[in-house]
Structure formats: structure tokens, C-alpha cells
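In: Structure for this input, please:
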Amino acid sequence: MDWNQGAPPRPLEGEMFTLDGPAGALAVHVAGPETAPPVLLVHSVNAAASAAEVLPLFEGLRQQHRVYAPDLPGFGLSARPALVYTPRLMTDAITRVRSAIAERHKDQPLDALAVSLGCEFLARAASENPEAWRSLALVSPTGFRGTRPPYGPPGSTRALPRMHDFLTRPLWRRRLFDLLTSRRSMRFFLRKTWGSKIIDEEMFEYAWRTARAPGAEHAPLCFLSGFLFSRDIGRVYETLQMPVWMVHGTRGDFVDYRLKRILALGKRWSFEVMQTGALPYFEQPADFFTAWERFRAAAASMP
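Out: Coordinates of the predicted model:
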């Protein structure tokens, strides 16, 4: 079933609630015992992103945790208005979800995990309200490539307004996006993410369907024109006060993390390298869960 034939498909099995925000309704998927410790999962950003990207984590945690996984503004089942999507918009959305979790769990300590560009939004939210977060797990985070740390002015982005104006012209905006999210194109980019011809077919199918939603082009075209990338993320990472676990793979297009030793000099950072692509929890879920649980246990014992 697609968006043109009735109700949109659900990326995750469980309940769903919505929160109001500047970009409209923010969809939050939730599962697990209501009194269990909460965990927040934040997906990445790409042409067809959604909470489906954290499916193995959502399913693996729901027996012993209350798991929350939002669709970021402009993606999945959240509203997709025609506006300029920015790190501030995404960060504020995560903060709203965090506040909703705090109300439901009486301010219990919260462990959170984010993927790729979602790591920048989670890190910024945690840097602005550090007492609200117990630990962060950053999977294949952006902002660690090359040799020059991203120390731009506070709040600055890599936005290319002229490129955005060109991409979003009504005459070709949707046709361009449909080409970008064709089945052939999406399989090509997912293989680059996995670093292999073997990808997760269930995630691929949902990504293709979610890209058919009305307004699906607005947030991705902001992503392509740099509006969602922060120029100051190096400073944000350095301000994190809670334990941080950074994990990445060795295959595909997301393997350049030369800056991690410069940006993460604090004792609260720890690192894991897995022999996988950029989404290690799809390929080696048991090893990933074991390492993450070990990190969270250590974080819980820290003052």
C-alpha cells in the first residue's frame, strides 16, 4: 500500500503518537512495557529517510525497554510541509520528543542513539540540555571527515541557497526527486552505505514507498543543498558532558573518521569499529547489542 492508495504503511510495529511543532505533526513510534527504562532512537537523513532505518534496534530493545523512535520533520509519517529544513528544526524536534518521554517516565535517565546526520541533531540537543541525557550512542556520525575540524560560527550551516533555489523550482522539483529516488538510484546509494551489494531489502522497500509520499521532496532537497549540515558541529561534539559511544564500520562511503581523535579527546568518549558498512546493527546485531549494552551499563555507573 502506498500513500496514493490509502493509509501510509507503518515503518515499525507498535503504537504511534504525534507531537505538534513548527513543521506540523511529528510522528513518534513507541513499543515496550510502559514502566520499562526509556530509550530514544533517531534515524539518519537522506533522500528517503524514516524510522525504518532503526528497525533492528527497535525490535531488539522493546522487550526490556520502552523504545521511542520519531520520524524527523519532513520524513516518514511526520508532516512534510514546503519549508526550509535546518539543524535547529531537527534539534528542537528531538527536544520535544525528549520532553514527552520525560513526562511519561518521570524524568528517568535517558539513553539515546542516532545514526549518521541524525547524530548532529542529537548531539546538539544533548549539549543544550545535558542533565536530560544519560548517554549517547553515535552510529557512523557525520562531522569527522577530513583533517580540518568543523569549527564554524555557532549555528552556522553549509547551506547553498542558490542550489536550493534551483533544485526546488516547481517546474522540475518533483520530477528531479523522483529520479533521485528511483528504485535503481536508491539501490545504488544503499549499496554505497552498506559497502556491499547485499543490503537490507525490507528497508529498501520501505524507503522507496516513503519517497512516494506527497511533499517527500522538501526535506531531502534541503539536505542536498547543505541546509541540514552544521559548520560548528565540532564545537558541539566537544561540549558533550555525558558518556558518548561512537561506532562505525569499515566498508562503503562512510569510513573517513580521521577527526575522531581530535574532536573526542574527553575521557567520556569511547569508540568501536566493526567490520561492516555504515549500519552495523543490521549486519552484526548480536555484537552491536552486546557492545552497546556494555557501554550503557558503564554509563549508568558513572557519576
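In: All the helices of the stretch 101-250 of the chain, residue numbers only.
Out: Remark: helices assigned in the stretch 101-250 of the chain by DSSP state H, counting those that start in this stretch are 118-128, 161-167, 173-180, 183-194, 201-210, 218-224, 233-238.
In: Output these in a markdown table; the columns should cover distance to residue 70, mean neighbour count and mean pLDDT.
Out: All C-beta spots, glycine's among them, are computed from the backbone N, C-alpha and C. Converted to a markdown table, those look like this (distance: least, CB to CB, whole Å; neighbours: other CB atoms under 10 Å; pLDDT from 0 to 100):
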| stretch | distance to residue 70 | mean neighbour count | mean pLDDT |
| --- | --- | --- | --- |
| helix 118-128 | 10 | 24 | 98 |
| helix 161-167 | 24 | 13 | 96 |
| helix 173-180 | 22 | 15 | 95 |
| helix 183-194 | 21 | 17 | 96 |
| helix 201-210 | 14 | 18 | 94 |
| helix 218-224 | 14 | 23 | 97 |
| helix 233-238 | 20 | 22 | 93 |
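In: Could you point out which of those sits nearest residue 81?
Out: Ranking these by proximity to residue 81 (CB to CB) places helix 218-224 first, at 6.8 Å.
In: in this protein, what spans have low per-residue confidence?
Out: Applying pLDDT under 70 to the chain picks out residues 1-9, 263-266.
In: out of the helices of the stretch 101-250 of the chain, nearest to residue 250?
Out: Residue 250 sits nearest to helix 183-194 of all the helices of the stretch 101-250 of the chain, at 11.9 Å, using CB to CB.
In: Contacts for the closest one, please.
Out: Helix 183-194 is contacted by residues 46-48, 179, 197, 199-200, 203-204, 207-208, 211, 251-254, 277-279, 282-283 when judged by CB atoms under 8 Å, 6 or more residues apart in numbering.
In: hang on, residue 67 in a strand?
Out: Yes - applying DSSP: H, G, I helix; E, B strand; the rest coil, one finds residue 67 inside a strand.
In: can you pull the contacts of it?
Out: 14, 30, 31, 32, 38, 39, 41, 57, 58, 61.
In: could you redo the last one with a cut-off of 6 Å?
Out: Applying CB atoms under 6 Å, 6 or more residues apart in numbering to residue 67 gives the contacts 31, 32, 39, 58, 61.
In: what's the burial count for the fourth one?
Out: Residues within reach of residue 58, counting by other CB atoms under 10 Å, total 25.
In: any idea how far it is from residue 179?
Out: 31 Å (CB to CB, to the nearest Å).
In: same thing with the last one?
Out: Relative to residue 179, residue 61 is positioned 36 Å away (criterion: CB to CB).
In: Ok, the first one next?
Out: As judged by CB to CB, residue 31 and residue 179 stand 35 Å apart.
In: Residue 186 too?
Out: Where residue 179 is concerned, residue 186 sits at a distance of 11 Å (CB to CB).
In: Name the residues linked to residue 29 by a beta bridge.
Out: For residue 29, the beta-bridge partners are residue 16, residue 69 (DSSP bridges).
In: show me the contacts for it.
Out: Contacts for residue 29 (CB under 6 Å, 6+ apart) come out as 12, 14, 16, 51, 69.
In: Can you add neighbour count and distance to residue 300 and give these back as CSV?
Out: Putting those into CSV (neighbours: other CB atoms under 10 Å; distance: CB to CB, whole Å) gives the following:
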residue, neighbour count, distance to residue 300
12, 24, 26
14, 15, 25
16, 17, 29
51, 28, 25
69, 30, 21
